[in-house]
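Engineer: 3D, please:
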Amino acid sequence: MKFLPNSADIPHDLIRSVSDGDVIFLCGAGVSFGVGLPTFKKLTDDVYAAIGESRAHEPAETIAYEKEEYDRVLRSLEKRTLLHGTESRVRVAVTRILKAPDGANLVHHKSLLQLSRDRSGRARLLTTNFDTLFERAAQEEGLSFESHAGKSIPRPGGADDFGILHLHGRLEDTNLSLRKSDLILTSADFGDAYLRDGWASRYIEDRMRLNTLILVGYRAEDAALRLLLETLDADRDRFRDLKDIYAIEKSSPGSASLWNAKGIKPLEFADYPDIYTTLAEWARYAKNPAAYKRQGLEEILRPKS
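Structural biologist: Residues are numbered from 1 along each chain as shown. The predicted model follows:
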C-alpha cells in the first residue's frame with residue numbers, strides 16, 4: 001500500500017501488524033537529526049571539539065574514524081583522556097551535546113509514537129537514542145508513558161513490556177524527572193552489552209521472537225548498529241521462529257543489497273522528507289483505519305469542479 005504518491009509500497013501484512021500492536025519500531029539518530037541533534041559522526045567530531053582534543057597524531061583513532069567505527073574512536077579517546085578518579089570528559093561532552101533542545105518540533109517523534117502501540121494501545125517504542133525527545137513528544141500529546149533504559153528495560157512479553165525503551169541508555173531530563181542511566185557509547189560498552197555480559201543480545205533475541213521489528217533512522221552500515229545487526233542476522237540462521245525485520249531508509253547505491261545481506265527487508269524512499277510524510281500519513285491511518293478509508297473514498301467520489 002502506498003500512503004502517498006512518493007511513498008514506498010508498505011506490505012499490507014505489515015500495516016495490519018502495526019494496527020494489531022504486534023510491531024516494535026526501533027528508532028535511531030536519524031529521527032532526532034531533524035531537530036538539530038547530531039549523527040554519530042557529527043557527535044564524535046563535536047566531542048573532540050568540546051574537550052579540545054585531536055586525532056591527528058593518534059593512528060588508532062584516525063583509522064577507526066576513516067572506517068566509520070565511531071564507537072572505537074570514542075573508546076580510544078576516552079582511554080587516553082581519562083584521569084584516575086575523575087569523570088569521563090567524553091561522556092560529560094556527550095551529555096551536553098545530546099541534551100534535548102527546548103521547543104523543538106517533535107512531529108516525527110509523535111508520528112512514531114502513534115504507530116508504536118501494543119495491543120492495549122500503550123506506547124511501546126524501542127530506541128538506541130540517548131535523548132528524551134520521545135518522552136517530550138508523549139508529554140506534548142498528553143500521552144501517559146513509562147521510560148526505561150539499559151538493563152532496567154522490562155522483559156519482552158512480560159506484564160510491564162511497554163513504554164519508551166532506551167536500549168543503549170538515556171540521559172537525564174529534569175523537566176520530566178528522568179534520571180540518567182549508563183550509556184552504551186564506546187566499543188567497550190558494546191562489547192559488554194552484546195558479548196561479555198550479553199544482556200542486550202538476549203533482549204533483542206527475545207524481542208524478535210515476539211514482534212516484527214521496523215528500523216527507522218539508521219543506515220545499514222551504522223557503527224552503532226554493527227553488533228546489534230550482526231546479532232539479529234546470526235539469530236535468524238539459528239532460530240527459525242524469529243519475526244521479520246524491516247528498515248525504512250533513503251535509497252542509495254547498493255543500500256538495498258546491504259540490508260538484504262543482513263536478513264533485513266528494506267522499504268526505501270527517494271529522500272528523507274518522503275519517509276516522515278509517509279510515517280505521518282500512516283499514523284493518521286493507524287489512529288482510525290475505518291475513518292481514514294472512508295475519507296479517502298469520499299475524496300475519490302467527490303465531484304470535480
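Engineer: tell me which element residue 38 falls in.
Structural biologist: Under the criterion DSSP states H and E, no helix or strand holds residue 38.
Engineer: in space, what's closest to it - neighbours in sequence excluded?
Structural biologist: Counting by C-beta to C-beta, 6 or more residues apart in numbering, residue 46 is the residue found nearest to residue 38 once chain neighbours are left out, at 6.0 Å. Just so you know, the C-beta spots here come from the backbone N, C-alpha and C atoms, and that holds for glycine as well.
Engineer: how close does that neighbour sit to residue 93?
Structural biologist: Counting by C-beta to C-beta, to the nearest Å, the gap from residue 46 to residue 93 is 7 Å.
Engineer: care to break this structure down by domain?
Structural biologist: Using automatic domain parsing, the domain parsing of the chain gives 12-36+104-296, 40-97.
Engineer: dump those domains into a markdown table; add distance to residue 1, mean pLDDT and mean neighbour count as well.
Structural biologist: Converted to a markdown table, the domains of the chain look like this (distance: least, C-beta to C-beta, whole Å; pLDDT from 0 to 100; neighbours: other C-beta atoms under 10 Å):
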| stretch | distance to residue 1 | mean pLDDT | mean neighbour count |
| --- | --- | --- | --- |
| domain 12-36+104-296 | 6 | 90 | 18 |
| domain 40-97 | 33 | 95 | 16 |
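Engineer: which parts of this protein are helices?
Structural biologist: Assigned by DSSP state H, the chain shows helices spanning 12-19, 29-33, 40-51, 59-66, 70-81, 89-97, 107-115, 133-140, 187-191, 199-210, 226-238, 255-261, 272-287, 289-301.
Engineer: so which of these is nearest residue 176?
Structural biologist: Evaluated over the helices of the chain, closeness to residue 176 peaks at helix 133-140, with 5.3 Å, by C-beta to C-beta.
Engineer: off-centre distance for that closest one?
Structural biologist: 15 Å (C-alpha atoms, centre = their mean, to the nearest Å).
Engineer: what does stretch 193-211 give?
Structural biologist: Its chain's C-alpha centre and that of stretch 193-211 lie 16 Å apart, by C-alpha atoms, centre = their mean.
Engineer: ditto for stretch 262-281
Structural biologist: When distances are taken as C-alpha atoms, centre = their mean, stretch 262-281 is centred 14 Å away from the chain's centroid.
Engineer: do stretch 138-149 as well
Structural biologist: Relative to its chain's centre, stretch 138-149 lies at 16 Å (C-alpha atoms, centre = their mean).
Engineer: can you give me the end-to-end distance of that stretch?
Structural biologist: Start-to-end span of stretch 138-149 (C-alpha to C-alpha, to the nearest Å) is 17 Å.
Engineer: ok, stretch 32-47 next?
Structural biologist: End-to-end for stretch 32-47, by C-alpha to C-alpha: 18 Å.
Engineer: contacts for it next, please.
Structural biologist: Residues from elsewhere that reach stretch 32-47 (C-beta atoms under 8 Å, 6 or more residues apart in numbering): 29-30, 65, 68, 70-71, 73-74, 77, 90, 93-94, 97-98, 101, 104-106, 108-109, 129, 131, 133, 217, 222-224, 276.
Engineer: not counting residues beside it along the chain, what's closest to residue 108?
Structural biologist: Nearest one to residue 108, counting by C-beta to C-beta, 6+ apart, is residue 276 at 5.0 Å.
Engineer: just checking, the one you found touches residue 109?
Structural biologist: No - using C-beta atoms under 8 Å, residue 276 is not in contact with residue 109, being 10.2 Å away.
Engineer: residue contacts, the closest residue to residue 244 other than its chain neighbours?
Structural biologist: Spatial nearest neighbour of residue 244, excluding adjacent residues (C-beta to C-beta, 6+ apart): residue 212 at 5.1 Å. Contacts for residue 212 (C-beta under 8 Å, 6+ apart) come out as 14, 17, 22, 23, 24, 243, 244, 245, 246.
Engineer: contact partners for the last one?
Structural biologist: By that I understand residue 246. By C-beta under 8 Å, 6+ apart, residue 246 lies in contact with 14, 212, 213, 214, 215, 264, 265, 266, 267.
Engineer: if it is in a bridge, with which residues?
Structural biologist: Beta bridges link residue 246 to residue 214, residue 265, judged by DSSP bridges.
Engineer: coming back round to it: looking at the helices of the chain, spot the one closest to residue 159.
Structural biologist: helix 199-210 (13.7 Å).
Engineer: dump that closest one to CSV, keeping only the CA atoms.
Structural biologist: What follows is helix 199-210, C-alpha atoms only, in CSV (Å, rounded to 0.1, in the frame of the first residue of the first chain):
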residue,chain,number,x,y,z
TRP,A,199,22.1,-8.8,28.1
ALA,A,200,21.4,-6.6,25.0
SER,A,201,21.8,-9.6,22.7
ARG,A,202,19.4,-11.7,24.8
TYR,A,203,16.9,-8.8,24.8
ILE,A,204,16.9,-8.5,21.0
GLU,A,205,16.7,-12.3,20.6
ASP,A,206,13.6,-12.4,22.9
ARG,A,207,12.1,-9.4,21.2
MET,A,208,12.4,-10.9,17.8
ARG,A,209,10.5,-14.0,18.8
LEU,A,210,7.5,-11.8,19.7
